[in-house]
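Engineer: After the sequence you'll find the predicted model.
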Amino acid sequence: MSSVEFNGDNAPTGPGKILFMNFTLTLLLVAVAGLGFLMLYSVAGGSLTPWAAPQMVRFALGAGIMLMVAMVPIRFWQNISGLAYAASVLLLLLVESVGAVGMGAQRWIDLGIIRLQPSEITKLTVVMVLAAYYDRLDARKISRPFWVAVPLALILLPTFLVLRQPDLGTSILLVLGGAVMMFIAGVHWAYFAALGTGGGGLAALAIMLRGTEWQPLKDYQYLRLDAYLNPEADPLGVGYHIIQSKIALGSGGWTGRGLMQGSQSRLDFLPEKHTDFIFTTLAEELGFVGASSLLALYSLIIFYCIVSALRTRDRFSCLLIFGIASTFFLFIAINISMVTGLMPVVGVPLPFISYGGSALIMLMIGFGLVQSAHIHRPRS
């Protein structure tokens, strides 16, 4: 049996350090993933294929990766943050030249066994590089213009490349996630006020340029905006998805219709019922109780991440954990806002519930970093 050793900072080393993992956080991740398997089984009509079984394999693979990442000292991940960021940007550039096309977007690199989506990796590497940047930056420089411009460039470069794919949902996540990192690091609030004002102006300009040769968004993205503002104007066209989603949400009641009993999902009224709109399937079949239970599990995951961040005295680890927790929260907030009609449909999956591989593996790597920071934090 491996004994636990400690280094000069009283942080555990050796194989026995696995005992210092945050097992509560791990069990919460398993619980949410289990609920995801159940919903994928249900939307397939009581079958593990074609969605639940592959998702289980991906989660098992992700769990193994999370464990391996967790066992590596957090200082190693800090040292390679810049390299990881550069690699993710290069992969985004590679997508433009050899990327696989699916559903009108060029977002994947086909590796034969799997289709890699570099934009998912970028969500994590942006957090890593910003945490490393602010860890090394003198506190007196944080709000000076030049030192604010550097992280902005680090955020906007991959955002521009992702927008070209096009992938508006990931672009929003990159910008918001980066902004949260800057705020947590201590950047003055005036920059965020200016950013919000500028963002509002750009949004208004994008709407004004619709139908011209300079329009910045794709036609289908403008149609999604139309559906958000007035879905009833075209109930069988652009407004169909969100109308059916709201019907499914409301029909679940307190306890739901039961597994495999949701009329909207079983009769295929609900689109993308196993991916982006799976929350409405869950709400219809498990009701308010089921939906609230999922949100409670999500809240506990974020809570334990915040506790872990506050307990560490290492600035990089603290910023990294907060950044990963914020990205996780943004996934949830954007997806649920999207399917409930609070924002336009942008195609963001629900963590550990929606079917898909790239986002799941990326999140498991992220929580592996959270575990690494938790395990290797000084305890003296």
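Structural biologist: Okay, I see it.

Engineer: And the contacts of stretch 142-149?
Structural biologist: Around stretch 142-149, the neighbours that count as contacts under Cβ atoms under 8 Å, 6 or more residues apart in numbering are Tyr134, Leu137, Lys141, Met182, Ala185, Gly186, Val187, His188, Tyr191. All C-beta spots, glycine's among them, are computed from the backbone N, C-alpha and C.

Engineer: Got a quick ChimeraX command for the buried subset of the residues you listed?
Structural biologist: Of those, the buried ones go into a single ChimeraX selection, burial set by 16 or more other Cβ atoms under 10 Å:
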select :134,137,182,185,187,191
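
Engineer: Which pair of the contacts of stretch 142-149 spans the longest distance?
Structural biologist: Longest distance between any two of those is 14.8 Å, between Leu137 and Tyr191; criterion Cβ to Cβ.

Engineer: how many other residues sit next to Ile336?
Structural biologist: 20 (other Cβ atoms under 10 Å).

Engineer: Contacts only, for it.
Structural biologist: Taking Cβ under 8 Å, 6+ apart, we find Ile336 in contact with Phe279, Leu342, Leu350.

Engineer: Check which element follows the host helix or strand of it along the chain.
Structural biologist: For Ile336, the element it lies in under DSSP states H and E is helix 315-339. Using DSSP H and E, the helix or strand that follows helix 315-339 towards the C-terminus is helix 358-375.

Engineer: and Ala87, what helix or strand is that in?
Structural biologist: helix 81-98.

Engineer: which helices and strands sit right next to that helix?
Structural biologist: Helix 81-98 sits against strand 105-110, helix 118-136, helix 145-163, with contacts defined as 3 or more Cβ pairs under 8 Å, 6 or more residues apart in numbering; DSSP states H and E.

Engineer: Return the most buried member of those.
Structural biologist: Ranked by mean neighbour count under mean count of other Cβ atoms under 10 Å, the helices and strands packed on helix 81-98 are led by helix 118-136, which reaches a mean of 24.

Engineer: Could you name the helices and strands sitting against it?
Structural biologist: Under the contact rule (3+ Cβ pairs under 8 Å, 6+ apart), helix 118-136 is packed against helix 74-79, helix 81-98, helix 145-163, helix 168-185, helix 315-339, helix 358-375.
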